[in-house]
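Undergrad: Got a sequence here, can you build the structure:
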Amino acid sequence: MKIRHIEVKNFRGIRAFSWAPSPHVNCLIGPGDSGKTTILDAIELALAPRYQIAFDDSDFYGSKPENQIVITVTLGDLPPTFKATSPYGTHTRGWDAANKQIIDEPDEANGLETVLSARLSVESTLEPKWRIYADRYVGDVKEGLTFKFEDRQMLAPTRLDDYADRHLAWGRQSILSRLSGKGLIGTDVLAEAGRVARRHFDTNSDKLFTDVVGQITKLARLVGVKLQSDVAARMDVQGVAIGSGGISLHDGELPLRLLGAGSSRLLVAALQDFAGDCKPFALIDEVEHALEPHRISRLLRYLKSSHEGTSPQLFLTTHSPVVLQELTIDELAVVRRELSTGEVTAVSAKTNIPSLDPQAWLRKTPNTYLARSVLVCEGKTEVGLVRGLDQFWTDQNKDPLATAGVVPADGGGKDQAPTVAKHFSKLQYRVGLFMDSDKDPEDAAILAELRSLDVSIIRWGKGKATEDVLFGDLSDGALKKLVLLLKGEKELATVPEQINRLAESQLVSGWDDLSARCMHPNMRLHLAKCAKEYDWIKTRLALSEAIGFSILGPHLGDLQKENAACITKLRTWIDYE
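TA: Coordinates of the predicted model:
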């Protein structure tokens with residue numbers, strides 16, 4: 001089974017949300033408080049295996065109980081028994097995949113998939129109500145139809161959270177208990193386990209848990225959890241009862257519930273995936289929690305490698321660029337919440353822009369997707385200047401870029417950078433574009449299109465590249481500092497020779513001569529030309545960052561009016577929120 005559509009109204013920080021997820025992996029990304037975890041909670045509650053769940057006023061949007069909570073999860077890829085007339089067939093609906101739309105009447109003959117909608121509603125009485133929903137039965141006696149108990153158990157998502165260790169014992173709703181429900185161990189065996197415990201449990205317990213324990217050993221090896229000795233089911237002295245929580249997996253004498261948080265999460269994730277044939281949905285909040293990068297990679301590859309057939313539909317959240325580098329662009333959904341209205345959206349991170357490969361961009365700068373705002377810079381030079389200015393401004397007690405949620409990104413040149421800005425704008429990021437103005441993009445219309453998308457375009461004064469500003473616009477003292485900074489770069493040792501080569505004459509005799517003559521107007525123009533011709537700054541991120549911090553920042557007041565206005569506009573954009 002697959003979740004085809006999710007609708008949430010008035011639940012916690014979400015006033016309204018509607019989303020058609022991918023049938024395979026869905027990794028929700030977005031800033032804090034955008035609603036990612038709330039979406040996972042909504043799925044879990046709508047498909048809850050039991051109906052004894054407590055709500056309070058804080059669960060309502062705005063903490064106002066008059067705002068009725070309504071969560072509707074529409075399920076597709078239904079087994080034949082769910083489409084049969086009894087008991088659920090009368091409530092089936094149609095799913096139009098092309099338009100991502102629910103049609104209240106099923107119609108497979110016209111290409112609609114037959115689906116069922118599970119709805120949870122909570123009114124001010126705080127009494128939750130679950131039912132199978134169809135518009136045509138609102139107010140009718142048939143509106144009260146619910147899933148049978150055994151079907152609720154099957155539909156309930158597995159969830160990997162901060163308390164993964166609870167799944168490493170045979171407890172209520174633990175993954176081991178669910179595995180046992182497949183015949184690996186039953187209640188009769190648990191009863192026998194109690195008797196064995198009173199007759200030296202450790203001696204005879206292996207025969208009761210052989211299949212499950214064998215699977216644990218294999219799964220641990222697959223996800224890279226190194227166990228010290230043979231895994232066995234033994235009496236956990238801290239278990240309160242023989243039966244559910246009193247029997248747990250052990251690694252030698254050590255209960256596996258005492259594994260580190262990362263190892264527990266890895267092992268339980270493998271268990272949940274192994275149980276996927278009976279649990280169609282898996283929820284993992286902050287998948288990177290307590291895991292080193294190499295183990296994040298191993299976990300994701302393991303989960304994705306089995307994503308065929310009956311494997312669960314995955315819903316993940318993350319704040320880690322390592323996670324994003326292991327995923328495809330199709331598996332990312334960008335979540336945004338409008339604070340003033342509480343409306344939450346989730347859109348695929350893949351945009352159909354012919355001149356941009358979003359997967360390559362994701363691999364190149366995954367951290368960009370985790371920002372609130374993206375400042376697309378024409379190239380590395382501008383990225384470095386912005387980072388240096390950020391350090392300078394922070395020393396001047398202004399908010400750093402991190403506080404403003406801004407990430408500067410190398411756009412890859414004058415033609416590619418506007419396309420990257422368009423990509424992120426379509427994903428509802430707040431976007432700025434920082435460019436030279438000496439040359440326009442080949443796509444003459446794209447800058448006007450970006451303005452219509454509310455992208456803030458920040459450019460140097462007319463006809464100026466960054467090199468023109470640095471060598472032609474700074475004060476004499478600042479320019480001498482810049483020459484000294486260039487002299488300190490080993491890779492730029494031949495700068496004086498390059499100056500003479502481009503001029504086809506002996507303009508300078510060395511660094512000291514250059515420092516003495518650099519402030520003359522004609523020399524300034526020639527230096528800017530040489531800097532562009534020989535890439536003095538363009539490919540050196542650390543150098544441009546040092547220039548931003550120690551030269552451009554302290555000498556902003558020296559800039560010509562139009563170039564000073566460019567930096568003012570940049571800072572204003574950063575401080576927007």
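Undergrad: Pull the CA coordinates from stretch 456-463 and hand them back as PDB.
TA: Output of stretch 456-463 as PDB, limited to C-alpha atoms (Å, rounded to 0.1, in the frame of the first residue of the first chain):
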ATOM      1  CA  SER A 456      16.500  40.400  -5.500                       C
ATOM      2  CA  ILE A 457      19.200  41.100  -8.200                       C
ATOM      3  CA  ILE A 458      22.300  42.800  -6.700                       C
ATOM      4  CA  ARG A 459      24.900  44.000  -9.200                       C
ATOM      5  CA  TRP A 460      27.900  46.300  -9.100                       C
ATOM      6  CA  GLY A 461      27.700  49.700 -10.800                       C
ATOM      7  CA  LYS A 462      27.100  49.700 -14.600                       C
ATOM      8  CA  GLY A 463      29.800  48.000 -16.500                       C
END
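Undergrad: Domain ranges for the chain, per the record?
TA: Listed by automatic domain parsing, the domain ranges of the chain are 1-157+281-350, 164-278, 351-577.
Undergrad: Now mean pLDDT and mean neighbour count too, for the ones you listed, in JSON lines please.
TA: Heads up, the C-betas are built off the backbone N, CA and C, glycines and all. JSON lines is the format used below for the domains of the chain (pLDDT from 0 to 100; neighbours: other CB atoms under 10 Å):
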{"stretch": "domain 1-157+281-350", "mean pLDDT": "92", "mean neighbour count": "18"}
{"stretch": "domain 164-278", "mean pLDDT": "61", "mean neighbour count": "18"}
{"stretch": "domain 351-577", "mean pLDDT": "95", "mean neighbour count": "18"}
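Undergrad: Now residue 6: phi and psi?
TA: Here is the backbone geometry of residue 6 (degrees, to the nearest 10): phi -130, psi 130.
Undergrad: Might you report the residue contacts of it?
TA: When contacts are counted by CB atoms under 8 Å, 6 or more residues apart in numbering, residue 6 touches 17-21, 39, 42-43, 71-74.
Undergrad: make it 7 Å
TA: Taking CB atoms under 7 Å, 6 or more residues apart in numbering, we find residue 6 in contact with 19, 21, 42-43, 73.
Undergrad: ok, now residue 467?
TA: Residues near residue 467 by CB under 7 Å, 6+ apart: 528, 531-532, 537.
Undergrad: of these, closest to residue 376?
TA: Nearest to residue 376 out of these is residue 537 (CB to CB; 18.8 Å).
Undergrad: these two touch, right, residue 563 and residue 470?
TA: No: contact criterion CB atoms under 7 Å: residue 563 and residue 470 do not qualify, at 10.0 Å.
Undergrad: The stretch 51-200 of the chain: helices as residue ranges?
TA: Here the stretch 51-200 of the chain has its helices, by DSSP state H, counting those that start in this stretch, at 80-83, 149-155, 175-179, 187-198.
Undergrad: let me redo that: the stretch 451-577 of the chain
TA: Using DSSP H, counting those that start in this stretch, helices in the stretch 451-577 of the chain cover 466-472, 476-487, 495-503, 511-517, 521-533, 541-547, 561-574.
Undergrad: The stretch 301-450 of the chain too?
TA: Under DSSP H, counting those that start in this stretch, the stretch 301-450 of the chain gives helices at 321-325, 358-364, 380-395, 401-404, 416-426, 446-452.
Undergrad: export those helices to JSON lines and tack on distance to residue 293?
TA: Below are those laid out as JSON lines (distance: least, CB to CB, whole Å):
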{"stretch": "helix 321-325", "distance to residue 293": "5"}
{"stretch": "helix 358-364", "distance to residue 293": "15"}
{"stretch": "helix 380-395", "distance to residue 293": "23"}
{"stretch": "helix 401-404", "distance to residue 293": "21"}
{"stretch": "helix 416-426", "distance to residue 293": "25"}
{"stretch": "helix 446-452", "distance to residue 293": "35"}
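Undergrad: Figure out which of these is closest to residue 509.
TA: Closest among the helices of the stretch 301-450 of the chain, using CB to CB: helix 380-395, at 28.4 Å.
Undergrad: Show me what the closest one is packed against.
TA: strand 373-377, strand 406-410, helix 466-472, helix 541-547 (3 or more CB pairs under 7 Å, 6 or more residues apart in numbering; DSSP states H and E).
Undergrad: export it as PDB, just CAs?
TA: The C-alpha trace of helix 380-395 is given here as PDB (Å, rounded to 0.1, in the frame of the first residue of the first chain):
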ATOM      1  CA  LYS A 380      33.700  31.900  -6.200                       C
ATOM      2  CA  THR A 381      35.000  35.500  -6.100                       C
ATOM      3  CA  GLU A 382      31.600  36.800  -5.000                       C
ATOM      4  CA  VAL A 383      31.100  33.900  -2.600                       C
ATOM      5  CA  GLY A 384      34.400  34.600  -0.900                       C
ATOM      6  CA  LEU A 385      33.700  38.400  -0.700                       C
ATOM      7  CA  VAL A 386      30.300  37.700   0.900                       C
ATOM      8  CA  ARG A 387      31.900  35.300   3.400                       C
ATOM      9  CA  GLY A 388      34.600  37.800   4.300                       C
ATOM     10  CA  LEU A 389      32.100  40.600   4.600                       C
ATOM     11  CA  ASP A 390      30.000  38.400   6.900                       C
ATOM     12  CA  GLN A 391      33.000  38.000   9.200                       C
ATOM     13  CA  PHE A 392      33.600  41.700   9.100                       C
ATOM     14  CA  TRP A 393      30.000  42.600   9.800                       C
ATOM     15  CA  THR A 394      29.800  40.100  12.600                       C
ATOM     16  CA  ASP A 395      32.800  41.800  14.200                       C
END
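Undergrad: between it and strand 406-410, how big is the angle?
TA: For helix 380-395 against strand 406-410, the angle by axes from the mean of the first three to the mean of the last three CA atoms, to 10 degrees is 160 degrees.
Undergrad: follow-up on the earlier one: now, among the contacts of residue 467, which is nearest to residue 86?
TA: Using CB to CB, the shortest approach to residue 86 within those belongs to residue 537, at 74.3 Å.
Undergrad: The closest one against residue 543, yeah?
TA: Yes: with contacts defined as CB under 7 Å, residue 537 counts as touching residue 543 at a distance of 5.9 Å.
Undergrad: ok, the closest residue to residue 386 other than its chain neighbours - contacts?
TA: Of all residues not flanking residue 386 in the chain, residue 408 sits nearest, at 4.5 Å (CB to CB, 6 or more residues apart in numbering). Residues near residue 408 by CB under 7 Å, 6+ apart: 375, 377, 383, 386-387.
Undergrad: try residue 536
TA: 486, 492, 495.
Undergrad: again with residue 39
TA: Neighbours of residue 39 in contact, by CB under 7 Å, 6+ apart: 17, 28.
Undergrad: repeat for residue 28
TA: By CB under 7 Å, 6+ apart, residue 28 lies in contact with 36, 39, 316-317, 333, 335, 346.
Undergrad: roughly how far apart are it and residue 420?
TA: 22 Å (CB to CB, to the nearest Å).
Undergrad: My read is that residue 67 contacts residue 60, right?
TA: Yes: between residue 67 and residue 60 there is a contact under CB under 7 Å: 4.9 Å.
Undergrad: Spit out the residues that contact the two alike.
TA: In contact with both residue 67 and residue 60: residue 10, using CB under 7 Å, 6+ apart.
Undergrad: I'd like to know which of the helices of the stretch 301-450 of the chain is closest to residue 506.
TA: Comparing the helices of the stretch 301-450 of the chain under CB to CB, the one sitting nearest is helix 380-395, at 29.0 Å.
Undergrad: Next, the angle helix 416-426 makes with that closest one.
TA: 60 degrees.
Undergrad: I'd assumed residue 35 was in contact with residue 337.
TA: Yes: because the distance of 5.0 Å satisfies CB under 7 Å, residue 337 is recorded as touching residue 35.
Undergrad: Give me the distance between residue 369 and residue 363.
TA: Taking CB to CB, one finds residue 369 at 11 Å from residue 363.
Undergrad: Also residue 65?
TA: Residue 65 is 47 Å from residue 363, by CB to CB.
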